[in-house]
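Enquirer: Below is the sequence, then the predicted model.
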Amino acid sequence: MDKANNGVHIQELAPEHFHDQSKAALADPQLRQNFRGAMDYLKDKRKTAFSDPAEEKRIRDLSEAIRQRSLSKLPDLLEQLESNCIKNGIQVHWAETTEQANSIIAGIAGQHNAKNIIKGKSMVSEEIELNHEMEKLGIECLESDMGEYIVQLDGDKPSHIIMPAIHKNKQEVSDTFEKHLDDFTPTIDVDQLIKTGRTRLRKKFHDADIGLSGVNFAVAETGTLCLVENEGNGRMCTTVPNVHIAITGIEKVVEFLSDVPPLYSALTRSATGQAITTYFNMISSPRRAGELDGPEEVHLVLLDNGRSQAFADEEMRQTLQCIRCGACMNHCPVYTRIGGHAYGTTYPGPIGQIISPHMMGLDDTKDLVTASSLCGACGEVCPVNIPIPEMLQRLRQEAKNPPKNNSPAIKGQAAAASKIELLAMKGFAFAASHPSLYHLGSWSATKMRSFMPSNIGAWTQCRTAPKPAGKTLHQLIKARKQGQKS
Amino acid sequence: MRIYPAKPVKVYFYATCLVDLFDPEAGLDAITLLEQQGIEVIFIEKQTCCGQPAYSSGYNQEAKTIAQSQMDLFTENWPVIVLSGSCGGMMHYHYRRLFKDDKNQTQVDNFCERVFELTEFLVNVCRIKLKDRGESTSVVMHTSCAARREMNVHVTSTQLLSQLDNVEIREQDYESECCGFGGTFAVRHSDISQAMVEDKTQHLSNTKASNFVSADWGCLLNINGALEYQGNPMRGRHLASFLLERTGGK
């Protein structure tokens, strides 16, 4: 028996509280050390996996092309996927909203009188808050991915899409186990920690009524669901229980089976620096007559949840190219410092900053789209070449400006519109396009340099105020020309 | 990779608003470096700012107004040499995006093609050969993110420094990491920006280099401000000033 989850509540993390959450994260030196160390490790791994820049470019360009081709035919491919899955005996369900996705899964559970769901890693199940929703119906969801398991024990949420418990070091994992598991002897031996988790989970696979997984690639041509994993728990979830439910976003479809190997390679190299993962599952049907194992039923739940809004806009459609490798967060100087929880969204880091607005609207996520120095480190490593900084700039624009022709490009458009800021920007634009006015301004700044305020808000919390030079370049050049003449 | 033209007779010089106001000497030094290459440097007095503050804050209409006013100033088919990778990136790369599908897109494309950052122009167009006349010293350089990732000119800045025989180049940890400036990001998300700039100053300081240079005044405003706040005597200078000083032009 596991100890009761006394006093631990799921923290109310939300993107609206980004400022407070990031401030709290920055003030936690252990957290910062954990993230910096882990991100350094993952960056190195990726670098080694892409040691040849020409090969890296080839793989990324190919992966981008495959994803763009798939997205360009998305509606057709989804229909093809559905019909081929049905042919294979996989039942297909469509969910426009997270509520619909949960009610579909609850419905399947109801048909089987299921009380236990064992889960492989699935970010989409986090997106729909499956565990929480099922708990309300008296159905227990147990995470079987080691990181997710640790996070779940603590009543916590994943802080990274690939490494859910990356915010914890081994001591903290041991502390978690000690707090929640009976007969556990504290240790910082990683093998021992993993063994502890695996032993406890083993029986759960056997007892579960339903196995639930995500999908990395759904192949339209063959109706095959591909699942990438390292721990073998994904295979257990999709083969041991009698019912398997796969849930994924509608963008995960690819056209051909031959599209999978390049994307798989791009994914594993970018995520963990592996040439290949320990397990790669291709699920193409329930148990067939004469087969000894495998589920009797396989269900596929396809979730929209704002994706079709991104799809409708040619530029923002690029956000759907994502194959969820997490490289953008590993390389992001902001994510590295504040970690995943601070974002308050299912998907943190740069990719989360550009897809969350489609899922949740800009009202809630407006602070996320500005939380980047636009340094470009994310775009530089994205395996499918999503121009993430450009997407952020675009979303800033949508957050500031009212819709054109009264049709909002995105939910919550203009959520960050500010009359004062707009006026200031208009003033700046007017001055910058009227040189005499502009130069009067900079000339005054040089004259007033001794009287510049030493405290200018947020800037001076860690810097001195910038001091203009005694003369502008414009003035110096004028003087230089006169000097040359005389 | 970009294809570079033959060395021209005349160039336009784009100082950027930050150099104009905070380090005009760097502007003069860059002009001198170009003139030493036998190039006539034209400084259009009506130039102001590239419009990046408006663009990166999401005010495209305002950014376009500024961009158009700047492009209108550089009518001759001469290269426009920009004294910053960040403003260079704005004018070479983002102007195109700003005016995508606009009626004057051809004019914009033509302008963007003519925009060069100073160091790439000195190395790839002028094929400059620097003669170091200074005492032996050490230097650490911070390259702006736009210079590195949009303009790919971290390569040319390093090439210029490595031409100086008596200058030892010191590498900082996390060299390619952002200093945390990002324009309005520094004030909108001041706590995150602070964490970033404090790491940057630490990494720069750890090199114990005698000189600190950068080819972007945005980053310098941020890093120098933090260094001064911390009471750290290290100060960054514009790369152009350092190069001119080393080669005896100052």
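Expert: In hand now; what should we look at? Residues are numbered from 1 along each chain as shown, chains lettered A, B, ... in the order given.

Enquirer: Could you use CA atoms for every contact and neighbour count after this?
Expert: OK.

Enquirer: looking at chain B, which residue lies furthest from center?
Expert: residue B:103 (30.0 Å; C-alpha atoms, centre = their mean).

Enquirer: show me the contacts for it.
Expert: For residue B:103, no residue meets the contact criterion (C-alpha atoms under 8 Å, 6 or more residues apart in numbering or on different chains).

Enquirer: for chain B, what spans make up the strands?
Expert: B:10-14, B:40-42, B:80-82, B:115-117, B:137-142, B:167-170, B:211-214, B:236-238 (DSSP state E).

Enquirer: Run through chain A and note the low-pLDDT ranges.
Expert: The model of chain A has pLDDT under 70 over residues A:1-11, A:486.

Enquirer: all strands of it, in order?
Expert: A:90-95, A:116-119, A:140-143, A:210-213, A:217-219, A:224-229, A:243-249, A:253-254, A:279-283, A:297-303.

Enquirer: What strands line up against the last one, and which way round?
Expert: Right, the one you point to is strand A:297-303. Strand A:297-303 has its sheet partners listed here by DSSP bridges as strand A:90-95 (parallel), strand A:243-249 (parallel).

Enquirer: Extract the CA atoms of the longest one and return them as PDB.
Expert: To tie it back to what came earlier, the one meant is strand A:243-249. Only the C-alpha atoms of strand A:243-249 are listed here, as PDB (Å, rounded to 0.1, in the frame of the first residue of the first chain):
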ATOM      1  CA  VAL A 243      -8.400  -1.900 -23.600                       C
ATOM      2  CA  HIS A 244      -5.900   0.600 -25.000                       C
ATOM      3  CA  ILE A 245      -6.800   4.200 -25.500                       C
ATOM      4  CA  ALA A 246      -4.500   6.400 -27.500                       C
ATOM      5  CA  ILE A 247      -5.000  10.100 -27.400                       C
ATOM      6  CA  THR A 248      -3.300  12.700 -29.500                       C
ATOM      7  CA  GLY A 249      -3.600  16.100 -31.100                       C
END
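
Enquirer: ok, and what's touching that strand?
Expert: By C-alpha under 8 Å, 6+ apart, the residues outside strand A:243-249 that reach it are A:105, A:122, A:124-125, A:209-216, A:237-238, A:295-304, A:307.

Enquirer: Which residue ranges make up each domain of the chain?
Expert: Went with chain A since none was named. As given by automatic domain parsing, the domain ranges for chain A are A:62-309, A:419-485.

Enquirer: could you do chain B instead?
Expert: If you go by automatic domain parsing, chain B breaks into B:10-125, B:137-246.

Enquirer: From the centroid of the chain, which residue is nearest?
Expert: Just so you know, I chose chain A. Judging by C-alpha atoms, centre = their mean, chain A has its centre closest to residue A:347, at 3.0 Å.

Enquirer: I was thinking of chain B, sorry if that wasn't clear
Expert: Nearest to the mean C-alpha position of chain B, by C-alpha atoms, centre = their mean, lies residue B:84 at 1.8 Å.

Enquirer: Give me the distance between the nearest residue to residue A:157 once chain neighbours are set aside and chain B.
Expert: For residue A:157, ignoring the flanking residues on the chain, the nearest one in space by C-alpha to C-alpha, 6 or more residues apart in numbering or on different chains is residue A:151 at 5.9 Å. Using C-alpha to the nearest C-alpha, to the nearest Å, residue A:151 is found at 25 Å from chain B.

Enquirer: ok, back up a step: what's the most buried one of the strands paired with strand A:297-303?
Expert: Comparing the strands paired with strand A:297-303 by mean neighbour count (mean count of other C-alpha atoms under 10 Å in any protein chain shown), strand A:243-249 comes out on top with a mean of 25.
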